[in-house]
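Student: Would you be able to build a 3D model of this:
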Amino acid sequence: MKIPKRLQPLVDDGMVDEVLFQLMSGKEAQVYVVRCGSSVRCAKVYKEAQKRSFKQAVQYQEGRKVRNSRQARAMGKKTRYGQKEQEDAWLSAEVDALYRLAGAGVRVPEPLGFVDGVLLMEMIADEDGKAAPRLDDVTLTPEQAREYYAKVLSDVVRMLCAGLIHGDLSEFNVLVDPSGPVIIDLPQAVNASGNNSAEQMLERDVDNMRRYFGRFAPELMATDYGKEIWALYETGDLHPDSKLTGRFEHDTTSANVDELMAVIDAAKEEELERLDRMRDAEEDDD
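Tutor: Next comes the predicted model:
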């Protein structure tokens, strides 16, 4: 195929030998399958800020570390320099997260390089060497659902122990290869200790997975791993090999109405975004 403009520098530098085809186009990026020597890999081309439609970017970026105080002040004042620095920080977030999580034993694509807004990474493949399907595209037996849910929860725990929360985890950004689930799409990864919405996002990630796997193994709907994981994290008792029960004793004190309404509003917005992703996925399939 014709080489996309954003991939031409990688071809010129010898990092990519051939662009085979476009794998997908989403709200944040386009992904191409490329050949690098004898290896087939993926090149994720991030869209420019004005062309992205991912919402709540500020909420996700809260707590991310920056290089120096000048950069932080500029980003806070939204100067031209600050906007550029904020964009650079957004683009590098997934690269940084992938390296950190791969080192922590989380099943994510191996990052192989990042040049001018293009992430070169491992292609997650199925048994035939083709691009692995998304979790939403597979049908599971109850046994597989229980096994995959346990694996995803293990990775969520490892992520949190490494200081990160996915922030947008669902069946649309988990791939399935012969060894099971592989978590993808991390540009919005949340700093667990520095983001006021971290607990809410962690529980939402786990609840999304519970609802999905619960379609195939209904007993999973009775579990409450999200709150259990966060409670262990808050007390410093969460470890990569922590044994989880799926049970949590809920606080029976009177609910704060404002907080409850905020949770309801967030859930409604999340559902709207999930429906948007489903429509985008259907368009990609067409």
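Student: where does the stretch 51-200 of the chain dip in pLDDT?
Tutor: For the stretch 51-200 of the chain, the stretches flagged by pLDDT under 70 are 51-89.
Student: residue boundaries of the strands in it?
Tutor: Ranges of strands within the stretch 51-200 of the chain are 111-115, 118-122, 164-165, 174-177, 180-183, 190-191, based on DSSP state E, counting those that start in this stretch.
Student: what about Asn157, distance to Ala145?
Tutor: That one is not Asn; residue 157 is Val. 19 Å (C-beta to C-beta, to the nearest Å). Backbone N, C-alpha and C define where each C-beta goes, glycine included.
Student: Also Glu203?
Tutor: 20 Å.
Student: Ok, Glu199 next?
Tutor: Distance from Glu199 to Ala145, by C-beta to C-beta: 26 Å.
Student: what's the answer for Asp155, then?
Tutor: The separation that Asp155 has from Ala145, given C-beta to C-beta, amounts to 16 Å.
Student: What of Val108?
Tutor: Counting by C-beta to C-beta - Val108 and Ala145 are separated by 21 Å.
Student: And those two? Which one has more around it.
Tutor: Val108 (26 against 20; other C-beta atoms under 10 Å).
Student: quick one: contacts for that one?
Tutor: Residues near Val108 by C-beta atoms under 8 Å, 6 or more residues apart in numbering: 97-98, 101-102, 182-184, 186.
Student: change it to 7 Å
Tutor: Shown in contact with Val108 (C-beta atoms under 7 Å, 6 or more residues apart in numbering): 98, 101-102, 182-184.
Student: Nearest to Glu228 among these?
Tutor: Ile183 (19.8 Å; C-beta to C-beta).
Student: and Ala131, how far is that from Ala125?
Tutor: Ala131 is 6 Å from Ala125, by C-beta to C-beta.
Student: oh sorry, the question was meant for Arg279
Tutor: 27 Å.
Student: what about those two, which has more around it?
Tutor: Between Arg279 and Ala125, counted using other C-beta under 10 Å, the more crowded position is Ala125 (14 against 10).
Student: what sits against the nearest residue to the more buried one once chain neighbours are set aside?
Tutor: Closest residue in space to Ala125, ignoring its immediate chain neighbours: Ala132 at 5.7 Å, by C-beta to C-beta, 6 or more residues apart in numbering. Under the criterion of C-beta under 7 Å, 6+ apart, the contact list for Ala132 reads 124-126, 175-177.
Student: Help me confirm that Phe216 comes into contact with Ala145.
Tutor: Yes: applying C-beta atoms under 7 Å, one finds Phe216 in contact with Ala145, separated by 3.7 Å.
Student: isn't Glu18 right up against Gly37?
Tutor: No: Glu18 lies out of contact with Gly37 (C-beta under 7 Å); the separation is 10.1 Å.
Student: that older thread, ok, which of the strands of the stretch 51-200 of the chain comes nearest Glu249?
Tutor: strand 164-165 (22.6 Å).
Student: Given that closest one, what are its sheet partners and their directions?
Tutor: Here strand 164-165 has these sheet partners by DSSP bridges: strand 190-191 (antiparallel).
Student: distance of the closest residue to Glu127 other than its chain neighbours from Met24?
Tutor: Leaving out its chain neighbours, the residue that sits closest to Glu127 by C-beta to C-beta, 6+ apart is Pro178, at 5.3 Å. Per C-beta to C-beta, Pro178 is found 21 Å from Met24.
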